[in-house]
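Chemist: Got a predicted model here, sequence first, then my questions.
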Amino acid sequence: MNSPGRLPLKPWLNYTMSSKKKVLIITYYWPPSGGSGVQRWLKFSKYLRDFNIEPVIYTIDNPSYPIKDTSLESEIPLGLEVLKQPIFEPNSFLSIFGNNKKKESAGFLNPNPTLLGRFFQYVRANYFIPDARKFWIKPSVKFLSNYLKNNEIEVVITTGPPHSMHIIGLALRDKFKIKWISDFRDPWTEIDYFQQLPLTKKANKKHHQLEQEVLEKSDMVIVVGETMKKKFLKHNHNIEVLTNGFDSYENSLTIELDSNFSITHVGLMNADRNPTILWEVLHEISSENIDFKNNLRIKFIGKIDDTVIQDIQVFNPKNIVRIPYLDHEEVRKYQASSQVLLLSINHVPSAKGIITGKIFEYLQAKRPILGIGPEDGDAAAILKKTNAGNIVGFNNKVELKTAVLKLYKDFKEEKLFVNSINIEQFHRKNITRQLAQVIKKVVS
C-alpha cells in the first residue's frame, strides 16, 4: 500500500532534533479497551517514533472497560514502555443501580432509574468531580513524581475524557514545572450528556473552574475540531486542531458489496443520537414502495439505546440487523461492504462541534455517507471537504427523503459509489506528523 502523502511542515519547525525526545502520555483507555476512546493515542504511539519522539504510556493496571477488543493489543509498538498502576473505580458499583443492574456509561444515562438509581446518579455527578476516576489522581501523581525524578521526560500529555487525566497533568505541571499538553477528545462542560447530569450549582461551578484551570495552565491544548478551538480560545491561545483519523492496513480488504440496500451505523447510538427523522422517512418510503421495503437492511454495530429499539419496531424484523460489538478488523469489513454509512450527530446544543471518530473510518471505507446533524457543523465541513457524503439537518424531512430516494435509485442502477477526495490528510500518520510538530514547538 502506498504511504500517505506528506503534509508541509509549519514554519516554526524547519529543523531536526539530534536525539529522540521522550513524552509521557497519560491515558485511561489503552488495549484491551475497545471503542473509540483507545484509538487516538494508540495510533499516535504507533507512529511517533517515525518523527524522532519516543512515547511512554501511563495507564490503569486493572481495567474494567465496558468494551474490550483484544485485537488492538497487536498494534502496541514493540518495546513500548507502558507504566501501569491500579485504580479504584466506584463507577461500576454505582451504575448497577441505574436500571435493573444494567451498567450505565457516559452518554447512556438511564432516563428512568429506580429511586436508588437516582440517588447514586446524584452522588456520582456531585461528589466524583471531575469523574469517577478521581481516586486515581493522588496515587498517580505520587507514582509519576518518582518516575519523573529518575527519567528524562520532555513533555507530559494528558488525554480526556475522563478529565481526571488532566488533573494528574495539572498537578505534575505545578510540581515539576514540566511542559504539559492537554488533549481534549471531547469537550468537558459542553459534552453532549453534561446537561443531563443532576448537578448542583456548586458542582457545576466546580466543573467549570477545573476546566478553566486546565485550559489556562496547559502549555498547549489539542482539540479535535474548529468549534471546540473557538470556544477554548478565551482561556488559551496555544491551541491546535488535530482530528482523529483512519489507519492503513497492509492486507487491503477485498469486499463484495451487500446485495440489499444496507444502511449501516457503527458505534454507540444513545437517545440523543437516535435519528427519529430517518426512521420516519424509511418507514414512509417502505409503505409507498414494496421493492424498497424488501431491499432495505438497517444495520447496527454497537450498543443502541432503548429509544432506538422502540422506534425501529415499526420495521419488519428482516429489515433490521443488530450486532452488539465486533473487533475493529471485523467492523472494517461491514463498513466496506455497506451500501450506505449512517453518520448520526447527537441532537444537543453542542452538536455543531461534534466530530465522531467513526467519520474517519467511514472515509477509509469509501462508501457514501449519509449524515444527520448541523449542516454548518464541523462534521459537515469534513464531508464537504472530502466529497464523501452530505449532512441533512435534524428537522429537514423533505431533504432527507430526497437524499434516501437518490441513494436507492443509484443502488438499483448499480452506480452507488463515492468519489472522495483529499482523505489522506486524515491518515493517522499524517496527523501524528502534525502532533510531532506540536510537541517540538512546545519543547522549543
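Modeler: That came through fine.

Chemist: and Val156, that one's in a strand?
Modeler: Yes - if the criterion is DSSP: H, G, I helix; E, B strand; the rest coil, then Val156 is within a strand.

Chemist: do you know how far it is from His237?
Modeler: 20 Å (Cβ to Cβ, to the nearest Å). Using the backbone N, CA and C atoms, a C-beta is placed for each residue, glycine as well.

Chemist: contacting residues around the residue nearest to Gly225 when sequence neighbours are not counted?
Modeler: Distances taken as Cβ to Cβ, 6 or more residues apart in numbering place Asp378 nearest to Gly225, at 4.0 Å, with adjacent residues excluded. By Cβ atoms under 8 Å, 6 or more residues apart in numbering, the contact list for Asp378 reads Gly225, Glu226, Thr227, Lys352, Gly353, Ile354, Ile355.

Chemist: try Gly267
Modeler: Contacts of Gly267 (Cβ under 8 Å, 6+ apart): Gly35, Ser36, Ile301, Gly302, Thr356, Gly357, Lys358.

Chemist: Among those, which one lies nearest to Asp311?
Modeler: If you rank these by distance to Asp311 using Cβ to Cβ, Gly302 comes first, at 16.3 Å.

Chemist: Was I right to think that closest one contacts Asn270?
Modeler: No - the pair Gly302 and Asn270 does not pass the contact test of Cβ atoms under 8 Å, sitting 10.5 Å apart.

Chemist: how about the strands of the stretch 201-350 of the chain, start to end?
Modeler: Using DSSP state E, counting those that start in this stretch, the strands of the stretch 201-350 of the chain run over 220-223, 239-241, 261-266, 296-301, 320-323, 340-344.

Chemist: how about those strands in JSON lines, adding mean pLDDT, mean neighbour count and distance to Gln209?
Modeler: Compiled in JSON lines, the strands of the stretch 201-350 of the chain are given as follows (pLDDT from 0 to 100; neighbours: other Cβ atoms under 10 Å; distance: least, Cβ to Cβ, whole Å):
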{"stretch": "strand 220-223", "mean pLDDT": "98", "mean neighbour count": "22", "distance to Gln209": "17"}
{"stretch": "strand 239-241", "mean pLDDT": "97", "mean neighbour count": "18", "distance to Gln209": "20"}
{"stretch": "strand 261-266", "mean pLDDT": "97", "mean neighbour count": "24", "distance to Gln209": "36"}
{"stretch": "strand 296-301", "mean pLDDT": "97", "mean neighbour count": "21", "distance to Gln209": "39"}
{"stretch": "strand 320-323", "mean pLDDT": "95", "mean neighbour count": "15", "distance to Gln209": "42"}
{"stretch": "strand 340-344", "mean pLDDT": "98", "mean neighbour count": "25", "distance to Gln209": "33"}
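
Chemist: Give the residue spans of the stretch 251-400 of the chain that score low on pLDDT.
Modeler: 251-254 (pLDDT under 70).

Chemist: what about the stretch 101-250 of the chain, any weak spots by pLDDT?
Modeler: In the stretch 101-250 of the chain (pLDDT under 70), the answer is 101-113, 249-250.

Chemist: the helices in it, which residues?
Modeler: Taking DSSP state H, counting those that start in this stretch as the criterion, the stretch 101-250 of the chain carries its helices at 115-127, 137-150, 164-176, 201-217, 226-232.

Chemist: I'd say Phe292 and Tyr408 touch.
Modeler: Yes - between Phe292 and Tyr408 there is a contact under Cβ under 8 Å: 6.0 Å.

Chemist: And this protein, split by domain according to the record?
Modeler: As recorded under automatic domain parsing, the domains making up the chain are 21-90+128-247+427-443, 261-423.

Chemist: Save these as TSV, and put in distance to Phe120 too.
Modeler: Compiled in TSV, these are given as follows (distance: least, Cβ to Cβ, whole Å):
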stretch	distance to Phe120
domain 21-90+128-247+427-443	9
domain 261-423	19
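
Chemist: for those domains, which one sits closest to Gly117?
Modeler: With Cβ to Cβ as the yardstick, what comes closest out of those is domain 21-90+128-247+427-443 (11.2 Å).

Chemist: Show the end-to-end separation of stretch 71-81, please.
Modeler: The first and final residues of stretch 71-81 sit 19 Å from each other (Cα to Cα, to the nearest Å).

Chemist: who touches that stretch?
Modeler: With contacts defined as Cβ under 8 Å, 6+ apart, stretch 71-81 is touched by 31-34, 38, 42-43, 45-46, 49, 55-57, 82, 327-329.

Chemist: at 6 Å what do you get?
Modeler: Pro31, Pro32, Leu42, Lys46, Val56, Asp327, Glu329 (Cβ atoms under 6 Å, 6 or more residues apart in numbering).

Chemist: Which one of these is nearest to Asn395?
Modeler: Using Cβ to Cβ, the contacts of stretch 71-81 come closest to Asn395 at Asp327, 36.3 Å.
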